[in-house]
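J.: next input, structure requested:
(chains A and B)
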2 protein chains.
Amino acid sequence: MPDVSNLPADSAASVFPASAHAAPPAAGPAAQNGAQWLLRSAAASGLRVCFANPGTTELPFVAALDHVPQVRPILSLFEGVCSGAADGYFRISRMPAMTLTHLGPGFANAIANLHNARRARSRILNVIGEHMSWHLSADPPLASDIESLARPVSAGVWRADSMANLQSGVQSALREVLRPDGGIASLVLPMDMQQGAADWGPAAVACAPARGVFDESAVHTLAQTIRQGQRVLLFLGAGAMTTEALTQASRFAQLDNVDLIGETFPARSEHGGGLPSIRRFSYLAEQGHPYLLEYARVALVDALPPVAFFGAQGYPSYLGDPARMTTLSEPGGGGLAALRRLADSLGLQPARLQAPARISDAGLSDDLTAAAAAQVIAANLPDQAIVSVEGGTIGFPFNAMASQAARHSTIVMTGGAIGQGLPAAFGASIAAPDRKVVALQSDGSALYTAQALWSMARERANVVVVIAANRRYQVLQNEMQRTGHVLQRPDVQALLDLSGPSVDWVQLSRSLGVPAAKATTTSELRRLFHQAVAEPSPFLIEAVLP
Amino acid sequence: MPDVSNLPADSAASVFPASAHAAPPAAGPAAQNGAQWLLRSAAASGLRVCFANPGTTELPFVAALDHVPQVRPILSLFEGVCSGAADGYFRISRMPAMTLTHLGPGFANAIANLHNARRARSRILNVIGEHMSWHLSADPPLASDIESLARPVSAGVWRADSMANLQSGVQSALREVLRPDGGIASLVLPMDMQQGAADWGPAAVACAPARGVFDESAVHTLAQTIRQGQRVLLFLGAGAMTTEALTQASRFAQLDNVDLIGETFPARSEHGGGLPSIRRFSYLAEQGHPYLLEYARVALVDALPPVAFFGAQGYPSYLGDPARMTTLSEPGGGGLAALRRLADSLGLQPARLQAPARISDAGLSDDLTAAAAAQVIAANLPDQAIVSVEGGTIGFPFNAMASQAARHSTIVMTGGAIGQGLPAAFGASIAAPDRKVVALQSDGSALYTAQALWSMARERANVVVVIAANRRYQVLQNEMQRTGHVLQRPDVQALLDLSGPSVDWVQLSRSLGVPAAKATTTSELRRLFHQAVAEPSPFLIEAVLP
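T.: Modelled structure (predicted):
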């Protein structure tokens, strides 16, 4: 967020000597400033990318990037793109990225996607530029309580209000983002601390391996329950939806009394190529609650006890019967080991994945529906694709077919804050440029952070975006219908409607540098999708749906 | 912010009875729920507009709008548009608007422009939907610490965690936004409180008149200083840049030893039609500080002591000499009365405004520069226009010509958080649909909240947007130059560059429903601007600048 625009007419910057604003004199050519030390420490700890939207207070950090070639700076035109990209990058690479934002207001624009990242247990190092520390007490226009803004989305917030605190804060922040159960670290970095002398060697923080802990006795007890023939549900969190964990999970297909289900919004899950088809747990209390009650025991594998997405009258917040719930492993824990131990102790055969026949899109009617669009994409998905799903319109039917598609990873919105899909797709493509990223995106949510398209164009990101253009907030129209209230006023009805005007996604995409085309029939979509996946650069398809 | 997209494939909402989600049974047809009471109280207190981006937790509020026709709901596709529009609406109408946003992440997207609104002393009533109160302890995915997010931009935050607290919170919030020195009020409104029975009469809060207080003895002392022939600067805040106050200020032109200057970022100021030309105080310490030191006394009229926008080495945070500074009136106070009393006590003639010859754009070269663009706009500005300025490229030269244009009001970004200009222009046009709004907008900052164009199209807002397309973060390139550092790495240089790809503003605008055209010459700009101001609907001109 660059700042300031209404400069007075006589304020041309160039008439003033550089010295008035220059950093304090350095000790010599070998001197290192705080921003350089921070960047070298991040690089030495394995961080490679900084998703940036800098302003004046971050310029010393920008200048420091010149000296640390290991860190790649990537500009986005809106901070929510930076944070969503860092989230997507982490989910694919398992390594944190940095974000760079401008004081409180710039950081605030990153919060919605940091909320999603927090719920995904992604780890991100936010660097938030701040005024000169000695200037804050004057309450200049851009000053605000950055900590208060950062805390709700951060595992830790550090302020570098001295060079000593810069040193300790950077180390603490790096430790936070590099430990396996770490979270988001936010570092408030005043301009003078970026410029201050910091002649220390880089702090190289090691990325600690995950511990893989699970509850042995819970596994033992559960095995007994299963042997007794009682119905058991294995409720899998994202950590139990890796290729290895799902391979173990597939062994339970040998038992009639054990079912599998996935958590509603896994940060990342693997699909296709013979991995078991894992349905997602419903986010609606009135569906999820009775479903869980069908089981004598629900075993949580790398998952928290399921909670209703929204509270619903007549249903509990914690769904199912807590007394029938067992935790085999906490999120980010030993799901793979727990599943293997459980399967072994039940004497199940080793897994042998067999890829089913891939779904075909032959014979589809040319009427383009959401189901038809999903089928075209599932049938033609490149192997090892990454699918970023935001929006149910194509997302629901695609999920149902995912096990019949080529092997792929899926990342979804975890925290309910929309505007996540395009930035996450962009960040995923930075993490894995050789994998095709397919963003299945509803039109309403895509509009929050459409600026992601510009960054895709600039970085030639390997992404194809499919916009499901139904021109309404479908999920809200569904929810309103369920309240039993029928809206009367046209201007109130219009709150749930995205037509008038309808967004032209082809023009919007081209305006931001991403080539695009419209598909109004199934065969058009098929042709465009083929064309898009064949090129290693971004393309957007507006799928016009009924 | 509608939420949730990755519904499981089997969760079609329609298969479930509405009753499971319905509100608690109402007592009868006359019953009123909390959301209806809130809206009726707001309406009874004079609030007329709600800039909304609702999600599931706000649906009872949306339904309640059906019953309160006095409040006009206006949808925007991004929350930053809602808050920026409410700010622009207040600056023109002097009445607060409501915003409606969805839980913490939705509200977070509104923060940047609320920061600007806070610095403008605008008053806004934020209604933030929240989970069912009984559901919060389960920490569902969309839950977050809303208060922590809201506090930095709010004068008060109230949570309606009971119907009694709903009642008291709404009344407190209305009092906050309706008192003259009030601020932003944020109301966290759980879904069950929106639905709960609230059979109370509407709380009608009166809009209290401003007190108009100034310091009599300071005026007296200052008059003596002026009579002694010492150099005095009258430093005018926004409250002293109304038509009436500037009319009084014009009387000081009769004195050689009194100068006028305006604060750097006034929330609103009046110009043209004979009002005195008021230069804006430089936001750069190295300009502003020595400028103030030229005066024996600096009198603050509805202004705070001037502070450097960014701290600069070698300059104080508080510019000028505090010992030579006098406060005649605090911001929002009695600037008009202070100026009149001071002029009267000095025996100055009554004001007689004489409109100068209007600036002409005849004879301009056809090479389109920022200065030429400003001159075309100043020469052809409709009478009583509202000018929303974000970005210095055209904004600087336009400000320098403002006194030679037709009478107009100017609103600028007050808090340094960019993405303010288009939303504020939109809100201003809702407040004053009969006045032409001209948004002078730089390309970098316009991209933060370009979704405002869609709302302009939907509401047929009377706005012409002029994008100064220079395709770079000019202000950052200036600032970087001043540090003396020359960036070496191409990918670091690219952080301050908006080309590659260049945004096509004509396509972007059309994609969001606003007709648009490109001007590459002065005569093209003149023709397009004439055409745009003649129509009472939105139009965008991309002025392609060198």
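J.: in chain A, which helix or strand is least confident?
T.: helix A:474-483 (a mean of 80; mean pLDDT, DSSP states H and E).
J.: which secondary structure elements does it contact?
T.: Using 3 or more Cβ pairs under 8 Å, 6 or more residues apart in numbering or on different chains; DSSP states H and E, the elements in contact with helix A:474-483 are helix A:392-401, helix B:59-65. Every C-beta, even on glycine, is put in place using the N, C-alpha and C of the backbone.
J.: turn those helices into CSV, including mean neighbour count, distance to residue B:152 and mean pLDDT.
T.: As requested, these are exported to CSV (neighbours: other Cβ atoms under 10 Å in any protein chain shown; distance: least, Cβ to Cβ, whole Å; pLDDT from 0 to 100):
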stretch, mean neighbour count, distance to residue B:152, mean pLDDT
helix A:392-401, 25, 34, 92
helix B:59-65, 25, 24, 96
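J.: for residue B:160, find the nearest of the ones you listed.
T.: Proximity to residue B:160, assessed across those by Cβ to Cβ, is greatest for helix B:59-65 (11.5 Å).
J.: quick one: is the next helix or strand after the closest one near chain A?
T.: Remark: after helix B:59-65, the chain's next helix or strand is strand B:72-75, criterion DSSP states H and E. Yes. Using Cβ under 8 Å from any Cβ of the partner chain, we find that strand B:72-75 touches chain A at B:72-73, B:75.
J.: closest one of those to residue A:172?
T.: Checking the residues of strand B:72-75 next to chain A against residue A:172 by Cβ to Cβ gives residue B:75 as the nearest, at 42.9 Å.
J.: now do the closest one, the pLDDT please.
T.: pLDDT for residue B:75: 96.
J.: likewise for the one 3 residues further on?
T.: For residue B:78, the pLDDT comes out at 97.
J.: and the one 4 residues further on, by the same measure?
T.: Among the per-residue scores, residue B:82 holds a pLDDT of 98.
J.: quick one: buried residues of the least confident helix or strand of chain A?
T.: Using 16 or more other Cβ atoms under 10 Å in any protein chain shown as the test for burial, helix A:474-483 gives A:474-480, A:482-483.
J.: what's the answer for stretch A:274-285, then?
T.: A:275-285.
J.: could you dump those to a markdown table with secondary structure, distance to residue A:317 and pLDDT?
T.: Converted to a markdown table, those look like this (DSSP: H, G, I helix; E, B strand; the rest coil; distance: Cβ to Cβ, whole Å; pLDDT from 0 to 100):
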| residue | secondary structure | distance to residue A:317 | pLDDT |
| --- | --- | --- | --- |
| A:275 | coil | 32 | 96 |
| A:276 | coil | 29 | 95 |
| A:277 | coil | 29 | 93 |
| A:278 | coil | 24 | 92 |
| A:279 | coil | 22 | 93 |
| A:280 | strand | 19 | 94 |
| A:281 | coil | 15 | 96 |
| A:282 | coil | 15 | 92 |
| A:283 | coil | 13 | 83 |
| A:284 | coil | 13 | 89 |
| A:285 | helix | 8 | 93 |
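J.: now distance to residue A:507 too, for the residues you listed, in a markdown table please.
T.: What follows is the buried residues of stretch A:274-285, written out as a markdown table (distance: Cβ to Cβ, whole Å):
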| residue | distance to residue A:507 |
| --- | --- |
| A:275 | 39 |
| A:276 | 42 |
| A:277 | 38 |
| A:278 | 38 |
| A:279 | 38 |
| A:280 | 34 |
| A:281 | 39 |
| A:282 | 37 |
| A:283 | 34 |
| A:284 | 36 |
| A:285 | 41 |
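J.: ok, the residues you listed vs residue A:348, which is closest?
T.: So of the buried residues of stretch A:274-285, ranked by how close each gets to residue A:348 (Cβ to Cβ), first place is residue A:276, at 13.2 Å.
J.: what residues does the stretch 201-350 of chain A have near chain B?
T.: So the stretch 201-350 of chain A meets chain B at A:264-265, A:279-287, A:307-315, A:317-318 (Cβ under 8 Å from any Cβ).
J.: quick revisit: I'd like the helices and strands packed on helix A:474-483 as a markdown table, with distance to residue A:32 appended.
T.: Compiled in a markdown table, the helices and strands packed on helix A:474-483 are given as follows (distance: least, Cβ to Cβ, whole Å):
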| stretch | distance to residue A:32 |
| --- | --- |
| helix A:392-401 | 48 |
| helix B:59-65 | 54 |
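J.: if we can go back for a sec, what angle do the least confident helix or strand of chain A and helix A:392-401 make?
T.: Helix A:474-483 runs at 90 degrees relative to helix A:392-401, counting by axes from the mean of the first three to the mean of the last three Cα atoms, to 10 degrees.
J.: flag the shaky bits of chain A, pLDDT-wise.
T.: A:1-30 (pLDDT under 70).
J.: output the least confident helix or strand of chain A as PDB, restricted to C-alpha atoms.
T.: Written as PDB, here are the backbone C-alpha positions of helix A:474-483 (Å, rounded to 0.1, in the frame of the first residue of the first chain):
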ATOM      1  CA  GLN A 474     -26.200 -18.400  -4.300                       C
ATOM      2  CA  VAL A 475     -25.200 -19.500  -0.800                       C
ATOM      3  CA  LEU A 476     -27.100 -16.500   0.700                       C
ATOM      4  CA  GLN A 477     -30.100 -17.100  -1.400                       C
ATOM      5  CA  ASN A 478     -30.200 -20.700  -0.100                       C
ATOM      6  CA  GLU A 479     -29.700 -19.500   3.400                       C
ATOM      7  CA  MET A 480     -32.400 -16.900   3.200                       C
ATOM      8  CA  GLN A 481     -34.800 -19.500   1.800                       C
ATOM      9  CA  ARG A 482     -34.100 -21.600   4.800                       C
ATOM     10  CA  THR A 483     -35.100 -18.900   7.200                       C
END
